[in-house]
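1. show me the folded form of this:
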Amino acid sequence: SGQQFTHYDKTNGLPGNFVYAVCADRKGRTWRGIADKGLYLFDGLDFISIHDDKDLKNAKVKSLRESPDSLIWIGSEGNGLSFYDGKQFKYIPQLNGKYIRDIKCDTAGNTWVATAGAGIYKIGKGDSLGENRPVKNFSDKKRTSLNRVNCLHVDSLQRVWIGYENDGIACMENDSVIFS
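-> Numbers count the residues shown, from 1 in each chain. Got it, this is the predicted structure:
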C-alpha cells in the first residue's frame, strides 16, 4: 500500500490553485507562493497570508528559500527580492522591480539570486540585524541573453551552477565563471 497524502486546493483552504513555489522551514511549516495572491504560511491546519502593506499581498511569488540564518527569502515577478525574519519584511533595494526566478544559499551565508534579464545577484550576510548586506551583480553587457537565468544550484564544493534560458549552463567559482 502506498503512502497517503492530503491534496489542498481552493475547495479546502488553499487561497488559489496556481502555486509557483513551496518551501519547508526548520520548524516544519511550509510556505507557498500563490499566483496573484502572494505569500502563505501553512501551519499544519490553516493557510495564513503573510504580507506587508507594500508589495507582497497580490504578488506572484515565484521563488522561496530559507537561509541558514532562518530567514525566508521571497522572490517575486516584478516586485524584486525580500526576506522575512518572522516579524517584518526587508527588501533588497538593488533588486526592486526585478523578476526573480530562483534563490539559493551557500554555506558561507551568501544568498544567490537568478533573475529574468538582470543576471545573477550575490547578497552577503550583513550585520546582526540583517541590514547592510553587500550586493554584487553578475551580468553580461555584451551577451545580454546570459542575463536571463532560469535556475541555480550550489554544489558541495560551493560552486554556483547557472542554468540559462537559451544558453545552456555555466559554473561559477570564487565569483568567476570557470565553465561555460
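
2. list the neighbouring strands of the helix or strand bottoming out on mean pLDDT in the chain plus their orientation.
-> None of the helices or strands of the chain scores lower by mean pLDDT, DSSP states H and E than strand 176-179, at a mean of 82. Applying DSSP bridges to the sheet, strand 176-179 is found paired with strand 169-173 (antiparallel).

3. list the buried residues for the partner strand?
-> Buried residues in strand 169-173, defined by neighbour count with 16 or more other CB atoms under 10 Å: Ala170, Cys171, Met172. C-betas here are computed from N, CA, C, even on glycine.

4. where along the chain do the helices fall?
-> Counting by DSSP state H, the chain has no helices to list.

5. contacts only, for the closest residue to Gly33 other than its chain neighbours.
-> Distance criterion CB to CB, 6 or more residues apart in numbering; nearest residue to Gly33, sequence neighbours excluded, is Val61 at 2.8 Å. Val61 makes contact with Tyr20, Ala21, Arg32, Gly33, Ile34, Gly38, Leu39, Ile74, Gly75, Ser76, according to CB atoms under 8 Å, 6 or more residues apart in numbering.

6. what's the closest of the residues you listed to Ser82?
-> Minimum distance to Ser82 across these is 5.0 Å, recorded for Ile74 (CB to CB).

7. count of neighbours near the closest one?
-> Using other CB atoms under 10 Å, Ile74 has 31 neighbouring residues.

8. residues near the closest residue to it other than its chain neighbours, how many?
-> Spatial nearest neighbour of Ile74, excluding adjacent residues (CB to CB, 6+ apart): Ser82 at 5.0 Å. Counted by other CB under 10 Å, the residues lying close to Ser82 total 26.

9. list the contacts of Ser82.
-> Contacts of Ser82 by CB under 8 Å, 6+ apart are Asp55, Leu56, Trp73, Ile74, Ser76, Phe89, Lys90, Tyr91, Ile92.
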